[in-house]
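> Sharing a model that was predicted from the sequence below.
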Amino acid sequence: MNGLPPRRTTLPRKRTQLGTWGKIHRTQLKPKIWRARAKFRSFDGKMRLYEAQGASGPKAEAALIHRLTLLVPVNEEEISPDMQLLELSKIWWAEFEDLDRAANTSRRYREIINTYILPGVGDLTIREATVNSLDRFLKTVRTKNGNSTAKMCKTILSGMLSLATRHGALSANPLREVARIPISTKEVRALTLDEAVKLRRDVHAWQQPTGGPNGLHEKDVLDVVDIMLATGVRIGEALAIRWVDVDLDADKPTVAVNGTIINLRGKNGLIIQDHPKSANSRQRYFLPLFAVEMLRRRQADTARSNVLGLVFASSVGTIRDPNGFRKQWRDARTAIGFEWVTPHTFRKSVGTILANTQGMAAATAQLGHSSEKITSKHYVQKTHQAPDNTEVLQAFGRSQPKEVPGVIFAADEPSDVSLWTTEGE
């Protein structure tokens, strides 16, 4: 219109991606000496100039490309949106094993991956692992295999896709948006003192010789029960106790828990793991008298000595299988009418009696939990009894107002006015 040429629109230059280089420029310096140069964008975001020489232009360029290629870290397992979850699981598993998790935890996670995750969603790409597809998968697992299995699948998948998110293959972890998986927890049931007394007496009677095969292994079910009732330790931790962990000569005899028994299926079988289930569980326990007497009796019984120095060894002096003890306990509890009691019930019974007598903090410390919330929710039987506030609540039933600390009764007010007002209002 005004006779001026149309203004040119200049598009912004596309930025060189990390780990790549721009245009290569060749220059002949001398006969048979060429130089090739290019700018490389390093992984700190900065552009740097690199060069190489050769007998010809193509040879100089090839030498430069080789040099630049060496600057890029080799990553045969680069995580991209098109990677299958099967391949992603391998990378995630390598990182998971570097965390030095407990052997039982690793075994369970591997089982969940192989049995549920890979058959269910292993062929999906990261791009296809949407909220909808993952939510549908988890609901299927929940329907067929239960809430706990579905929750473990969600935990593992969340870890895998968190890894993909960190590598830029996803903008956000879709597991954050899937439907919540409810976990129904049974109400805690613990032994009362009267039940514990009866149980111990009946187990003692049950394990007495009857004329049939009944070796040392079967005669000491009560001893294992007693160490759990005396300390609150788990069955695997109880069976891993060695005599070097026991101090019966101290003014207050103690036992230290330093490990637990695990089963490495397909590998070494039963082993003593050099740490208990949690870091807080590694501690020394003061022993009540009934446990001290039991341990002294076992210590004096030379027939029970074994090369491993275990307090509760198997009948042949080897590591005792916690599952084997559980089977023995099922036989005992059925015979004495305590079918509902499991080895973990003894741990809950310790938590309950300590919480009700010494306070929740004492119970938490004894059980080695990281928080009182865990103890209260999973290890202390609820009384379902409200505190005794009858003295205060009796105020509602008095025919004549009476002074209550902190409360001023409005005795002369009409009946439709509140009975009292709080001081300071």
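Arrived safely, thanks for sending.
> Quick one: the strands in the stretch 1-150 of the chain, in order.
For the stretch 1-150 of the chain, the strands defined by DSSP state E, counting those that start in this stretch cover 25-30, 33-41, 47-54.
> Contacts only, for residue 187.
By Cβ atoms under 8 Å, 6 or more residues apart in numbering, the contact set of residue 187 is 381-382. To be clear about C-beta, it is placed using only N, CA and C from the backbone, and glycine gets the same treatment.
> got any ranges where the protein has weak pLDDT?
The model of the chain has pLDDT under 70 over residues 1-13, 73-77, 210-218, 265-268, 399-425.
> coming back round to it: switch the strands of the stretch 1-150 of the chain over to TSV; also include distance to residue 371 and mean neighbour count.
Listed next are the strands of the stretch 1-150 of the chain as TSV, based on distance: least, Cβ to Cβ, whole Å; neighbours: other Cβ atoms under 10 Å:
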stretch	distance to residue 371	mean neighbour count
strand 25-30	64	12
strand 33-41	48	19
strand 47-54	51	15
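> Out of these, the one nearest residue 271 is which?
For the strands of the stretch 1-150 of the chain, the distance to residue 271 is smallest for strand 33-41, at 50.6 Å, taking Cβ to Cβ.
> and residue 272, that's in a strand?
Yes. Counting by DSSP: H, G, I helix; E, B strand; the rest coil, residue 272 is part of a strand.
> Now for it: which residues touch it?
By Cβ under 8 Å, 6+ apart, the residues touching residue 272 are 240, 259-261, 319.
> With residue 221 instead?
The contact partners of residue 221, by Cβ under 8 Å, 6+ apart, come to 203, 206-207, 325, 328-329, 332.
> Please report the distance of it from residue 228.
Relative to residue 228, residue 221 is positioned 11 Å away (Cβ to Cβ, to the nearest Å).
> got it, and residue 368?
Residue 368 is 14 Å from residue 228, by Cβ to Cβ.
> which residue packs closest to residue 168, ignoring adjacent ones?
residue 79 (7.8 Å; Cβ to Cβ, 6 or more residues apart in numbering).
> In strands only, show me the contacts of residue 272.
Among these, DSSP state E puts 260-261 in strands.
> Turn the contacts of residue 272 into CSV, columns for neighbour count and distance to residue 40.
CSV is the format used below for these (neighbours: other Cβ atoms under 10 Å; distance: Cβ to Cβ, whole Å):
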residue, neighbour count, distance to residue 40
240, 27, 56
259, 21, 53
260, 27, 53
261, 23, 56
319, 20, 58
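> Out of the strands of the stretch 1-150 of the chain, which gets nearest to residue 142?
Once Cβ to Cβ is applied to the strands of the stretch 1-150 of the chain, the stretch that comes out nearest is strand 33-41, at 47.0 Å.
> tilt between that closest one and strand 47-54?
Here strand 33-41 points in a direction 160 degrees away from that of strand 47-54 (axes from the mean of the first three to the mean of the last three Cα atoms, to 10 degrees).
> Which of the residues in stretch 391-401 are classified as buried?
Buried residues in stretch 391-401, counted by 16 or more other Cβ atoms under 10 Å: none are found.
> The closest residue to residue 172 other than its chain neighbours: neighbouring residues, count only.
Excluding the flanking residues, the one nearest residue 172 by Cβ to Cβ, 6+ apart is residue 165, at 6.5 Å. Using other Cβ atoms under 10 Å, the number of residues around residue 165 comes to 18.
> ok, now how distant is residue 165 from residue 158?
In terms of Cβ to Cβ, residue 165 sits 10 Å off from residue 158.
> Please enumerate the shared neighbours of those two.
Taking Cβ under 8 Å, 6+ apart as the criterion, residue 165 and residue 158 both touch residue 173.
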